[in-house]
Structure formats: C-alpha cells, structure tokens
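Undergrad: Let's see this in three dimensions:
(chains A and B)
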Amino acid sequence: MLCLPLREVPQMAASVRRLVAASPIVLVATLTLGNGFGTATPIAQTAIGEVKFSDTRLKNGLRVIISEDHAAPVFAIAVNYNVGSRDERKGRTGFAHLFEHMMFKGSENVGPGEHPYLIFSNGGSMNGTTNKDRTLYFEILPANQLDLALFLEADRMRSLEITGPNLDNQRQAVQEERRLGVDNQPYGKTFEVRDELAYENFAYEHSVIGSMADLSAATVDDVASFFKTYYAPNNAVLSIVGDVDTKTTLEKVRRYFEALPSQPAPAAVDMTEPAQTEERRTSLEDGLARLTRLDMVYKIPPSSSPDADALQVLGTVLSNGRSSRFYEAIVRQKQLSPSVNAFPGESRGPGLFTVIGIVTPGKNVADLEAAIDAEIERVKTGPIEPWEMEKARNNARSQLVNNLGSTLGRAITLGQDALFYDQPGRLNTTAARIAKVTPEDVQRVARQYLVKTGRTVVITVPKAAPPAKGGL
Amino acid sequence: MHRRSTVAVLAVSLATLLPPDPVLGQGQAGTQQPPSTVGMVLKGKAPVSDAVLAVKLPRPQEATLANGLRVMVLEDHRLPRISFQLMIPGAGGYYDPAAQVGLSGMTAQLMREGTTTKSSQQVSQALETMSASVNVFSGASGPTATMSGNALSENFPRLFELAADVLLNPSFPADEWDRLKTRTRAGLTQQRTQPQFLAQERFSKVVFGAHPASRVSATPETLDAITRDAMVECHRTRFVPDHALIAFAGDITLAAARTLVESKLGAWKKAGAPKPPVAEPAPAGPTKGYLITRPGSVQTSFVVGAQSMTRTDPDYVPLTVANRVLGGPIGRLFRHLREEKGYTYGVGSIFSAPEYRGQWSASTSVRTEVTEPALNDLLADIEAMRTAPVPEKELNDHKRAIVAGFALSLESPEQLLGYYVQSWMYGLPADYWDKYPALISGVTAAQAQAAAAKYWDPSKLQIVAVGDAKITEIMKKRGALELYDADGKMTP
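TA: The predicted model follows:
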C-alpha cells in the first residue's frame, strides 16, 4: 500500500455491479423468509442488471476493459499487474510491495510524488496495493480528468525513473509500514508464522510485507530488472469504469499505451503445494498481546475451483453475523470468545480457509478450539437450515447492489477477474452461482477440506510482562 | 505547471456553474518556499483539465411529525436499496454520569439484544436472512445517539419494522447484559494493546479535562457501575423523539418514508423535554509532554494538538484549508516526514468541530530511533504554517482538491445526505452546501495563516507520545513531562 489512511482497498469484495438506467424487473420470488416471527411471505426480488463492458487487447498485449456508467460525473481507473509477492525470489521478500512504492516516485514526464499530488489536487483519490497474487494501482477522478489519469499510468508503465535515493526513501517508508502493521501490533507476527507453517512452497510461504533484512538488501538493479520483467503492457489489465465514452476512451488508451513495447512473458510461477497429510501446530509468545488468540487455517483449492462458491457459503453459515453458528454457540452461549471469524480467502493458488478466535479472559484456548471443532462437525453431519442458505443468497445479491454505487470497486473487480480468471464479467454470475449451491455442497466441502490433517493451528499467547521498575 | 481557467463544465444535470474563482485563474507557479515542495518534484507535463467540475448537490425533502421527529429523504432510485439514519440528541455519552461512562453506549448495544417479543437470536436471524442490518450506537463523548439500518428495497419495510421494535420495545434481558459485559470487558482489554488508542485516550483527557468530550471509552470500573435499571431509565428518558431526525437515502420517497415512520414509530411519544444543552470545555491547562510507556514498542506514536472550534465558527473554513495544506493527503507533513525523511509510513492531521469546541491534532508513528528529529520536524511544519503565508499555487492546489472532490460524492446518496444531516445538527443555512465550494475557494493565504496562528499556537499544543521508555529523556527536553503506563496509570 502506498500511503494514506487506507489500509486496504475499499470495496475489495468479490463483486460489484450497477443497475444502469433500466427499470428494475420484478420477478416472482421463489424464496421465502422464515425466521421465527410472523408468517413467511414471498418477497418479490428485484433483478439486478448486467454490467456491460468492452474487452480489448492492444497490439502490445495490454488488456483494456471499459464500462460506461453515467450515474455520476466521475470515473475510476485500475491497473492490475500480474505480479505479487508469489513472484519474489528468496532473499527478496517484500520486493513486489517495495516496488509498488517506487511507482509513485517519478517517471520521464512525472516528478517524484507528482502523481499523487496531481490526483489529489484535482479532486481525486488514489492508492496502490500489493498482495500475494497481484499489484494494483487505482485512481478515481472527476470525469474531465481522463487524460490526466491515462497519461500518469502510461508514463510510469513506460519510463519509471529508478534512483538510489528514491529507493532508499521508500525502503524506509516500507520498513515503517512493517513496524506499524506487524512489529508494533499485537498478533502482528502471527500471520507470518501461520503462513510459514501452512505452506511449503516459497511462493505463498513468505509474507507480502517481507523481512527487514530482505528489504534492506534490495538494490536499484533489482528494481530495474523487476520493472522490465513484470511491468510490461502484456502483463497488465487496464480497466476504466464511469462517466466515459467507450469509443473515445479506447482511442485515448491506444494513443497513450499502444506504443509501449511488450516483453517476453514472465515465467509462470510454480504454485505446486505438496499435499498436507497431518496437522501442523505451533504456538508463539507475543509481547504486545493481552489475550490469547487461536488461528486455524485449512488448505482449500484456488478460488477458480468449482468448490469456491460452496466454501463461500460455508463461511457465511459458520461466521457471518450474529446469527452465525460460531457467534451463537461460541460467542453468545458459551462465551469462549468475544469474536470468531471464518472465511475462505481469494487466492489464485492453493488457498486457506481461515478461522480466527480471541479467547475470552478467564477461558481456555483448548475449549475454544473444541467448540470450533464441534461446530464444524455439526455442519458436516447435521442439517443446514433453509434460512442459512437464503442468507448466503441474499448476501451475494446485497453485496452486489451495495457495491454498484462504486465505480472504483467495479473497475478493480473487472480488472482483477480478468487477470485471475480470464473472466472480467465474472461479477455478473456471482449471485447465480451462489444460488446454485445446495446444503449438500456445503456439507461436502466441509467434509473434504475442514479436516485436521489439512490444517495448521497457531496459538498466540501473551508474553507475561517483566516486572515494572520501581517495584510497581 | 499548467494554465487554469475558471470555466466550469456542465457534466450532468446536477451540475451548475461554480462562482468564478479568481485565485484559480493564476496557476503559474512562482518560486516555492520550503517546505511546500519538499519531498516532491513537479515537472508540469501531465495534461490537466483546466476546468473544475462544479456540482450542485441535490437537496433532500423534509417534514416534521407531530411527535417532533424531523424526517429527511434524499431520493435516489438508481439502485434498489434504502438506508436510514436516526439521530437522537440527548442520548449520547455526553450526558452519561461521570461514574457511568459508557451507559448510553451499553444501552444502545443492549437494545439490539432482545425485544418484548423477540430474542436476540431472533432479531439477528431475521435481519441477516434478508442481508439487512440495524445498528444502535452511542459514543462515549458525543451528545447524539444514532440508529442506522439498510436493506434492499424489497426488504426495507420488514427491516424498518424490526428497527422500530428494537427502538421502542427493547427488553434489556439480564442474561444478555451479562454476556455483553463479558464481551465488552474483552474489548476494553484489547484496545489497550493499540498505541493509537493509548495516545488518543491521554490526549482527550489533557485537552478537555473533566468535560465529557474527554471520554473515549468505558472503563472496567464504569462498566461495573452500569446497571440494567440505569439502562432502562436511560432508554426511557433519553431515547426520545422530541429533537430527533430520521434521514432516509435511496430508493424511497418522502411520502413513503413518512407513512412508514408514522405507522411503525407511532408509539414513540414526545417526552416534552427541552433539548439538553452542551457546555464549552474549559481551556486546557499549560502545555506539557505526556509519555505512555508501552513495553515492546518499536515505534513512537505521537498525537500533538489542541482544542479547535465549533462547527459554526467562521474559522472553520480557513482552518479546513490550512489543515489540508499541512496534514491532508500529500500535504506538507506527508511530503516532509515520509517522502523526504523516511521517518514514517503515514502522517496527517485532522480536526473535529462539534457543537462545542472540538479538537485538532496531528499524528504519526515513527521508529523509536528517530523520535526526536521526527517530533522536531512535525512541530516545525506546524510552526511554518503560522509564520509564513502558504505560497499561492500550493494554496490553490489544496483548495481545488476540496472543491473538485465534491463530484466524487455524487456517487453516494448516503454521503450526500450526510452533508444535510450536518446542516441539521449544527443549524447551518439551507444553502450552505451550495455556497461551500465558494467559501473554500475564497480563503486567502492570509486567512489560512491567521487560522493556523490562532489554533496551532505552540503555547497551546499538547504533545502525547506512546512508546518505549527509552525515549523519556528525549521527551523531557521539551519541558515538563508526565509519565503513564499502558493501563493509563500515572507513574513516577
């Protein structure tokens, strides 16, 4: 992440759609509400329109996706580069993210820091963010600044200015980012310990933020070579959503980007992860934490798997909201934890279904673990209620509608789904895919993936504070 | 950098011409004074549109009901969703007894934990099955409690029925109160691990003294002092409609909203009480340094600041501009402390301006080793805003950032409605938001400097740091220093 109060991209949720202009079509509902009070009455469901977009590949391989939405005089632009921390080599952990910071330090026609300055001073907002699977840059601006955004993105894709002082400066900023988010935070190191134990393949085994030593070791040559390999037009997706005209926007995109040379495609990352055959378990002491925390991650297939939707519904049943099984049984009834969360992370390679619970003061982590296990077992063997399935379906619809108001969310999703799944229009099918999931599917994926032999357990224990000076 | 004209572009039917802004017409950069270009180089080659998109914000429709409740609706049928926000002055933590800080916050949370006809679990299941939400919230210090909710249009009547039940018929079950207390205690423990919480807790006490604005959270002691009876009474006497506002945004008309409110909240009776007043906080005591030692800290987290002003104070607008120049995105603090010096990942300044004097503060977290130079640079940047006018181009760029940014809010009916809720809350003129861009554009360098000089006087700035005990001597260099531990207790 480059900077500013944002810690993660807003509206990064799976899908974003917008109902544009057309009158809502009212369908006869097949779903009913039955939740313990009053009569279950059929509710007419409002249909949600499709997001229309153009999908073009320039001669140099740059994929360009444009979606018009004239609801407000703004547009958003996202550039998803096909590079993340999974592409890093040993000894250079954290480099993809450090490189992201360098993308704001100037190019041939843009001075260091000028890019953010121009975006903000013209009423816009912007940021960059890196994860294991991709590096994303985005801007949102008033509609009359399309040329500005295209110029800035094209100039740095073409001619990044790489200098030692800029690298040193951003190395320091990134090391502070690590201190802020990891080293100075309770449970900050838990994620690193967890991934290092859960994965054997280096690609996902190491953290996005990287180690202090590796960040210190990065050189200007590393930056230059990374830029040439990964920041080529044929390794990126440019997506634009908002108050733009598709034809003229595509012409402008060609003018700014098409002359950029393509590069040989980077070697595909080996994501092969050896099958896990027994539970892995560790614990660590944390000097900044005050309450014990339990992290359990289960190996699941990549998000492109046909099982991904059922795993999503499984996460909803287990931990979405106060009606969820974890909340009702573990938080409310047994009071073993003030919060337990479970979710399948989006992942291009072998993924993790994550369960995290804090232990209530005075309670036992073993009891919390047993209670979580019991609820997982209950999903595998017992019925899943119709209302739980309806909740998952409505969540998918509601999430779509709630994200429709954001051109930025949609630009990011269209581009990322093009990159990850080669399906920019994937958001148009999410609600229908979730609606097809059956209770049996949910039980099947729970039985298949939420197994002890496929999980990694990390227990973070507060380190007892040394006695304070002066006998206090 | 590039020529600017004062042409406004009509982009959509909502847009109208912005009053010509004389200062935006002279964009050519003169010689910049430090530190305005520190940490940045402007090559001026990127194509920037000369126009500032001017927008006229849509106005909400309003009505007042017999029980005193004000209804506001911002219609927006682009998406099939509706949200509402109910603002209840008098029900905020501001009015909690000092020994029961958190009383109204707990009352608000417990309202969601069961009604006379539904259990906590039934409320949750009913809401979440339709992917809708209802939240009741009351902060530790503000005068107003809020209830908010949202749902797809098709489910909104059901959502509102549930919300009305939560508002009017909470049963405050004793067993749910025990559970809520247990969860809250865990939360009170957890928040003490966050350096930003520790810094803000101390800063608020230092700046506001015994005034309710100093409250940031319940404590284990005040939590123990809160009883079910006190919550029942708090709900009965303070969650009343007399001075309240309910604001809807989205796929709904005023007529439909009014019908809904009258049918579902008909039993919400006027209490007949005057609107509870607020008092100004006493001026803060002499400036000091405050250090909260947090064992294991690898960074020093600073909050530096003072009291600000009320929302209707004429200084609000010039300080908004000055604050943006200093501590806004890509402002001086960011460019200096991060982009030039590499001391930090993030730094900025914010201020609040409620019905009483609020607070202004700059904050950052820096590695322990650079605690001293980072604090010196932070204070120097603040001081430079007081002693020298902001160069014209820098001032214009930051004013344009605010004015042009209004176009972005047109994406969100909730955000637009938020402007009008602010107007209601602080009694701003009806055309305030139409004129706001011109108010911002009209701020001169002298006015921004005068606001900075008034509010950022070093003799008023309190310095709070959270970090390793080894920075004690550094902090003492600036004068008197009070020391606290991470539990908030004073230490020798």
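
Undergrad: I'd say residue B:107 and residue B:231 touch.
TA: Yes: assessed by Cβ atoms under 8 Å, residue B:107 is found in contact with residue B:231 at 4.3 Å. Every residue, glycine included, has its C-beta placed from N, CA and C.

Undergrad: what about chain A, any weak spots by pLDDT?
TA: Applying pLDDT under 70 to chain A picks out residues A:1-44, A:465-472.

Undergrad: ditto for chain B
TA: Counting by pLDDT under 70, the ranges of chain B that qualify are B:1-37.

Undergrad: Kindly recompute the last result at 50.
TA: B:1-36 (pLDDT under 50).

Undergrad: Counting neighbours, go ahead and name the busier of residue B:107 and residue B:231.
TA: Using other Cβ atoms under 10 Å in any protein chain shown, the more surrounded residue of residue B:107 and residue B:231 is residue B:107, with 27 against 22.

Undergrad: List the residues that contact the residue nearest to residue A:125 when sequence neighbours are not counted.
TA: Nearest residue to residue A:125, sequence neighbours excluded (Cβ to Cβ, 6 or more residues apart in numbering or on different chains): residue A:140, at 5.3 Å. Neighbour list for residue A:140: A:74, A:75, A:76, A:77, A:124, A:125, A:126, A:407, A:408, B:408 [criterion: Cβ atoms under 8 Å, 6 or more residues apart in numbering or on different chains].

Undergrad: again, but for residue A:429
TA: Per Cβ under 8 Å, 6+ apart, neighbours of residue A:429: none.

Undergrad: ranges for the strands of the stretch 251-400 of chain B?
TA: Counting by DSSP state E, counting those that start in this stretch, the segments of the stretch 251-400 of chain B that form strands are B:289-293, B:299-307, B:344-351, B:359-367.

Undergrad: Now tabulate those strands in TSV and tack on distance to residue B:261 and mean neighbour count.
TA: Formatted as TSV, the strands of the stretch 251-400 of chain B follow (distance: least, Cβ to Cβ, whole Å; neighbours: other Cβ atoms under 10 Å in any protein chain shown):
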stretch	distance to residue B:261	mean neighbour count
strand B:289-293	46	22
strand B:299-307	38	25
strand B:344-351	34	23
strand B:359-367	35	25
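
Undergrad: need these in CSV with distance to chain A, can you?
TA: What follows is the strands of the stretch 251-400 of chain B, written out as CSV (distance: least, Cβ to the nearest Cβ, whole Å):
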stretch, distance to chain A
strand B:289-293, 9
strand B:299-307, 5
strand B:344-351, 4
strand B:359-367, 5
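
Undergrad: could you dump those to a markdown table with distance to residue A:332?
TA: Converted to a markdown table, these look like this (distance: least, Cβ to Cβ, whole Å):
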| stretch | distance to residue A:332 |
| --- | --- |
| strand B:289-293 | 34 |
| strand B:299-307 | 34 |
| strand B:344-351 | 36 |
| strand B:359-367 | 36 |
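
Undergrad: what's the closest of those strands to residue B:196?
TA: Taking Cβ to Cβ, strand B:299-307 is the member of these nearest to residue B:196, at 6.1 Å.

Undergrad: Go ahead and produce PDB holding the CA coordinates of that closest one.
TA: Taking Å, rounded to 0.1, in the frame of the first residue of the first chain, the C-alpha atoms of strand B:299-307 are listed here in PDB:
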ATOM      1  CA  GLN B 299       7.700   2.900  17.200                       C
ATOM      2  CA  THR B 300       6.800   6.100  18.900                       C
ATOM      3  CA  SER B 301       3.200   7.100  18.200                       C
ATOM      4  CA  PHE B 302       2.500  10.900  18.500                       C
ATOM      5  CA  VAL B 303      -0.600  12.900  18.900                       C
ATOM      6  CA  VAL B 304       0.000  16.600  19.000                       C
ATOM      7  CA  GLY B 305      -2.800  19.100  19.200                       C
ATOM      8  CA  ALA B 306      -5.200  21.400  21.000                       C
ATOM      9  CA  GLN B 307      -8.800  22.500  21.200                       C
END
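
Undergrad: out of all of them, which helix in chain A is the longest?
TA: The helix spanning the most residues in chain A, taking DSSP state H as the definition, is helix A:386-404.

Undergrad: Say whether chain B is contacted by it.
TA: Yes: for helix A:386-404, a contact with chain B is found by Cβ under 8 Å from any Cβ of the partner chain, at A:387, A:390, A:391, A:394, A:395, A:397, A:398, A:399, A:401, A:402, A:404.

Undergrad: ok, how many other residues are close to the residue of the stretch 201-350 of chain B found nearest chain A?
TA: Among the residues of the stretch 201-350 of chain B, residue B:342 lies closest to chain A, at 2.9 Å counting by Cβ to the nearest Cβ. Look at residue B:342: counted by other Cβ under 10 Å, it has 21 neighbours.

Undergrad: Would you agree it is in contact with residue A:166?
TA: No: contact status for residue B:342 versus residue A:166: not in contact, 10.6 Å apart, counting by Cβ under 8 Å.

Undergrad: Domain map for chain B?
TA: Here the domain assignment for chain B is B:61-264, B:283-491, based on automatic domain parsing.
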